[in-house]
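> sharing a sequence plus its predicted fold:
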Amino acid sequence: MNTAVHVDHVTKRYGEVVAVDGVSLDVANGEIFGFIGPDGAGKTTLFRMLVTLLVPDAGTATVLGDDVVRDMWKLRRRVGYMPGRFSLYPDLSVAENLDFFASVFGTTVKKEYDRIAPIYTQIEPFNDRRAGALSGGMKQKLALCCALVHKPDILFLDEPTTGVDAVSRREFWDLLGRLKGEALTIVVSTPYMDEADRCDRVALMQGGKVLAIDTPSALTASFDRPLVAVTTAKRYEALKVLREIVPAESAYPFGESLHVVGASGGSVEQLASDLSSRLSAKGIDDAKVEPANPTIEDLFIARMSAAT
Amino acid sequence: MSDLAIEAKDLTRTFGSFMAVDHITFDVKPGEVFGFLGANGAGKTTAIRILTGLLRPSSGSAKVAGFDVATQSESIKQVIGYMSQKFSLYDDLTVRENIELYGGIYEIPKDKLEERVERILDRLSLGHAGGESVRSIPLGWKQKLALSVALLHEPKVVFLDEPTGGVDPIVRRQFWELIYEAAHGGTTVLVTTHYMDEAEYCDRISIMVSGKIAAYGSPTELKRDAGVKSVDELFVRLARAS
């Protein structure tokens, strides 16, 4: 079977709030699949249902062919889960935490050493340190080891890189890339849009719903409106002027420049020359207006605006 | 008196034998948006604690809005604003009560405060939610409200510590617009972030590595000089070299 995760119209409510709203999708075996979205998008709730910690209100889901409700006990042995909040024992040492998680699954660190070695060797020098006293990046690596120690066939990592600095984030993604080859499916969530490129496919999530699913390159290619970048020293004034010309959601700060999205069907050259003359007429005479390549964030913003 | 918003000279702070901040020298101009970057543990938080008057330097000097951090920390607290992702507002109070509470702490006269409360609610399109508890409003509104509250007493310098964590890309941009608006009005903004693309929203940035400033300038200059495409690339290169 080629499908690692099958989600079919799954919904979960907390009182009035619909945390996950009729989500359907498939994850293929051996993929790195990313859920990308802000806090409150429903990523954590969906993960908790897929690792059998929550029961869906409606819809069904299977992981590795096992139903997440009916086959819960069988599935738990095959799934590795790293929750978003650091959930190891802060008073136990690195080695003690790892021994504990191995023993719960009836195995030992020694037996599984090869599997966890790529990550474990980086924290092994700190074996006797209390987990609570580790740096953010180290905690993350220990948590990943603990999620891997029973040799799961699929890993669910809930926001493993949130609040971690750019260097540790990059190292973590490099590690995931190395783990991936070994017939291990990796499902990971993140609020950082720039991490989409590290995934084979991604689902963009917002307000409990999936806005889009595809490979990162197909997603950016699906952006079907003209997009330009406006660069000027008078960024704030330029934004004010642009707001008079285009709808508010179509002009926004983007790194060193401002991005402006034109009407669908329009040409990017026309948009650029229109904006150039309007800006200079309003005294923004240093503005450089150039066609820009859409990023995942541009697409996310466009789909979000279209959905509301 | 210096006309710089922040001016640090050889600023140093040690904890025992550990040098958390190691002779840093930099300045921030009035109305500038300055990105203060660094890996976890690089010394950013210690430096910010010194600049906000919460921690005394071991040696070197720094002035914030013209006041010396070592001898005039109480004056500094009057003229700065501070917002962090972790602590900002009281969940149990309403939107309006949160703004009024801070107005009281900063002793803003009643008539002025009323006007500013209305201005904030109007600017954030939160007029309908003034009476709702902060707990019940979406994260994005909270973050924007927290920034507005940090700016309530019209500080000369505002410190924003990872202000945009977890918010969606639209809110993140609305937030940056508020930052630009404040800077345009003359407030100096010092911001820390783990989003390296956000560094590119700043007029100038510094990157701290092991207590020292390893890069300092405008994002465009720094990228050009290092021959890299993004601040992220530069950041990783500097942090790995340490």
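Perfect, I can see it now.
> for A:Asp194, give me the pLDDT.
As summarised for this prediction, A:Asp194 has a pLDDT of 89.
> if I look at it, how far off is chain B?
6 Å (CB to the nearest CB, to the nearest Å). From N, CA and C alone the C-beta is placed, and that goes for glycine too.
> what's the burial count for the residue lying closest to that residue once chain neighbours are set aside?
Nearest residue to A:Asp194 in three dimensions, chain neighbours excluded: B:Asp197, at 6.2 Å (CB to CB, 6 or more residues apart in numbering or on different chains). Per other CB atoms under 10 Å in any protein chain shown, the neighbour tally for B:Asp197 reads 19.
> isn't B:Asp197 right up against B:Asp232?
Yes. Counting by CB atoms under 8 Å, B:Asp232 is a contact partner of B:Asp197 at 7.1 Å.
> between these two, what contacts are shared?
A:Asp194 (CB atoms under 8 Å, 6 or more residues apart in numbering or on different chains).
> got the phi/psi numbers for the residue nearest to A:Asp194?
Dihedral angles of B:Asp197 (phi, psi; degrees, to the nearest 10) stand at phi -70, psi -30.
> show me where the chain has helices.
In the absence of a named chain, chain A is used. A:43-50, A:72-76, A:94-104, A:113-123, A:136-148, A:166-180, A:216-221, A:235-245, A:268-281, A:296-307 (DSSP state H).
> hmm, no, I was thinking of chain B.
B:44-51, B:73-79, B:95-105, B:110-123, B:139-150, B:169-184, B:196-199, B:219-226, B:231-241.
> check contacts around A:Arg235.
A:Arg235 touches A:Pro253, A:Leu258, B:Tyr180, counting by CB under 8 Å, 6+ apart.
> how about the closest residue to the second one other than its chain neighbours: which residues does it bridge to?
Here the nearest residue to A:Leu258 in space, its sequence neighbours aside, is A:Val230; by CB to CB, 6+ apart that works out to 4.4 Å. When bridges are assigned using DSSP bridges, the partners listed for A:Val230 are A:Leu258, A:Val289.
> what of A:Arg130?
A:Ser93.
> which residues of chain A lie near chain B?
A:37-41, A:135-137, A:162-170, A:191-194, A:206, A:235-237, A:239, A:249, A:252-256, A:297, A:300-301, A:304-305 (CB under 8 Å from any CB of the partner chain).
> make a ChimeraX selection of whichever of these turn out to be buried.
Buried members of the residues of chain A next to chain B, defined by 16 or more other CB atoms under 10 Å in any protein chain shown, are picked up in ChimeraX with:
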select /A:37,38,39,40,41,136,137,162,163,164,165,166,167,168,169,170,191,192,193,194,206,235,236,237,239,252,253,254,255,256,297,300,301,304
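> closest to A:Arg77 out of the helices of chain B?
helix B:139-150 (35.8 Å; CB to CB).
> any idea how far A:Thr215 is from chain B?
20 Å.
> quickly note the distance from the residue lying closest to that residue once chain neighbours are set aside to chain B.
Spatially, and ignoring its direct neighbours in sequence, A:Thr215 is nearest to A:Arg201 (5.3 Å; CB to CB, 6+ apart). Between A:Arg201 and chain B the computed distance is 19 Å (CB to the nearest CB).
> hmm, back to that, could you dump the helices of chain A to a markdown table with mean pLDDT?
Output for the helices of chain A, formatted as a markdown table (pLDDT from 0 to 100):
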| stretch | mean pLDDT |
| --- | --- |
| helix A:43-50 | 97 |
| helix A:72-76 | 95 |
| helix A:94-104 | 96 |
| helix A:113-123 | 89 |
| helix A:136-148 | 91 |
| helix A:166-180 | 89 |
| helix A:216-221 | 97 |
| helix A:235-245 | 92 |
| helix A:268-281 | 94 |
| helix A:296-307 | 91 |
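> I'd like those laid out as TSV, including distance to B:Arg240.
TSV is the format used below for the helices of chain A (distance: least, CB to CB, whole Å):
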stretch	distance to B:Arg240
helix A:43-50	30
helix A:72-76	38
helix A:94-104	23
helix A:113-123	14
helix A:136-148	13
helix A:166-180	7
helix A:216-221	25
helix A:235-245	31
helix A:268-281	38
helix A:296-307	25
